[in-house]
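Student: Here's a sequence, model it:
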Amino acid sequence: MEKKELTAADVWAIFAESDRKIAEGHRILDEKIAEGNRILNERLAENDRKLTESNRTLNEKLAENDRKLTESNRTLNEKLAENDRKLTEKFKELGIERLENDRKLTESNRTLNEKLAENDRKLTEKFEALGIKFNDLKTNLNGISDSNGEFAEEYFYSSLKKKMEFAGVHFDDIDKDIKLLKKMPNGERVRDQFDILMINDDAAAIVEIRYTARKGYPITMVNQKVSNFRTLFPEYAKFKIYLGLAAFSFEESAEKEAKELGIGLLKQVGETVEYETKWVRAY
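Tutor: Below is the predicted model of the structure:
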């Protein structure tokens, strides 16, 4: 087959066809891009519509929840007010009964005191028959109790003075057996004693000593020692106050009560003092 030579016209025709196809390709591509943009815009518009609808529904639900919560609070307040009213009435009723109970309790105490006095008299007679003076025996027992208390105080005081730290807080000064009596403007006298007191620039630690720690004393510390300290030492009224209870033995109920109230414990373990203070809080 004879090979045909390309003329200039043929070459220009090929270029023209190529340009046409490229232009056609661009046109198709532009159309597809335009279609894609149209679809995308429609989807974005639909998403915006759904989001707006969703926000409207959410706002309606939030408003409804607020309404229900307000209504619930109103109902709760009404119930609390009703309970307060009933409780007030009940207290008035109990106030009448309490007078009678107080009378009976006073009578019961009187009878008990008479029996105790009679027992003391009989016991004194028995001791005297044995050649023992009962008052001397009571004095000796009291002396032993005082000695035990002094020993416990000195034992725990020495440990704290050596550390100068309690519940992770460093203190600058420490003192023991602090007694104070103060007359208030209304004429009331406030008296208290603090076994061990530690002070720094913004905190105080009150550590009370007991040979045996019994239930009820931790709550007494919180209710009495904290308020009395602030009253008797007004210069420290805004200080943080940490409480500690030191004893050679603890009733289980006393230890539990102290932990619940955020009071640190100091115990004798062998020849050392063990500090349990991870639950201590400031008052």
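
Student: Just list the residues touching residue 184, thanks.
Tutor: Residues near residue 184 by C-beta atoms under 8 Å, 6 or more residues apart in numbering: 190, 231. In this view, the C-beta of every residue, glycine as well, is placed from N, C-alpha and C.

Student: ok, now residue 283?
Tutor: Applying C-beta under 8 Å, 6+ apart to residue 283 gives the contacts 222, 226, 240-243, 262.

Student: List buried residues within these.
Tutor: Neighbour-count burial (16 or more other C-beta atoms under 10 Å) applied to the contacts of residue 283 gives 222, 241-243, 262.

Student: Could you dump the residues you listed into TSV with pLDDT and distance to residue 118 added?
Tutor: Output for those, formatted as TSV (pLDDT from 0 to 100; distance: C-beta to C-beta, whole Å):
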residue	pLDDT	distance to residue 118
222	93	39
241	96	46
242	97	47
243	97	42
262	95	45
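
Student: can I get those in CSV with distance to residue 74?
Tutor: Output for the buried ones among the contacts of residue 283, formatted as CSV (distance: C-beta to C-beta, whole Å):
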residue, distance to residue 74
222, 36
241, 40
242, 42
243, 41
262, 36
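
Student: ok, these vs residue 209, which is closest?
Tutor: Ranked by distance to residue 209 (C-beta to C-beta), the buried ones among the contacts of residue 283 are led by residue 243 at 12.6 Å.

Student: so how far is residue 280 from the closest residue to the closest one other than its chain neighbours?
Tutor: With C-beta to C-beta, 6 or more residues apart in numbering as the criterion, residue 243 has its nearest non-adjacent residue at 4.5 Å, and that residue is residue 263. The gap separating residue 263 from residue 280 is 7 Å, by C-beta to C-beta, to the nearest Å.

Student: Residue 247 now?
Tutor: Going from residue 247 to residue 280 by C-beta to C-beta gives 16 Å.

Student: right, and the secondary structure at residue 280 would be what?
Tutor: Put simply, residue 280 is coil when judged by DSSP: H, G, I helix; E, B strand; the rest coil.

Student: Identify the residues contacting the closest residue to residue 282 other than its chain neighbours.
Tutor: Spatial nearest neighbour of residue 282, chain neighbours left out: residue 240 (3.9 Å); criterion: C-beta to C-beta, 6+ apart. Residues in contact with residue 240 (C-beta under 8 Å, 6+ apart) are 202-204, 282-283.

Student: at 7 Å what do you get?
Tutor: Residues in contact with residue 240 (C-beta atoms under 7 Å, 6 or more residues apart in numbering) are 202-203, 282.

Student: neighbours around residue 220, how many?
Tutor: A count of neighbours around residue 220, defined by other C-beta atoms under 10 Å, yields 10.

Student: Looking at it now. What's its pLDDT?
Tutor: Listed pLDDT for residue 220 reads 92.

Student: Name the residues of the helix or strand where it lies that are buried.
Tutor: In this structure, residue 220 sits in helix 217-220 according to DSSP states H and E. For helix 217-220, burial by neighbour count (16+ other C-beta under 10 Å) applies to 217-218.

Student: follow-up on the earlier one: now the buried ones among the contacts of residue 283 as TSV including secondary structure and distance to residue 273?
Tutor: Listed next are the buried ones among the contacts of residue 283 as TSV, based on DSSP: H, G, I helix; E, B strand; the rest coil; distance: C-beta to C-beta, whole Å:
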residue	secondary structure	distance to residue 273
222	helix	23
241	strand	21
242	strand	16
243	strand	17
262	coil	20
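
Student: Out of these, which two sit at the greatest distance?
Tutor: Spatial extent of these (C-beta to C-beta) is set by the pair 222 and 242 at 11.8 Å.

Student: ok, which stretches of the protein are helices?
Tutor: For the chain, applying DSSP state H gives helices covering 8-129, 134-163, 217-220, 226-232, 252-260.

Student: Pick out the shakiest of those, pLDDT-wise.
Tutor: Lowest mean pLDDT within the helices of the chain: helix 134-163, at a mean of 64.
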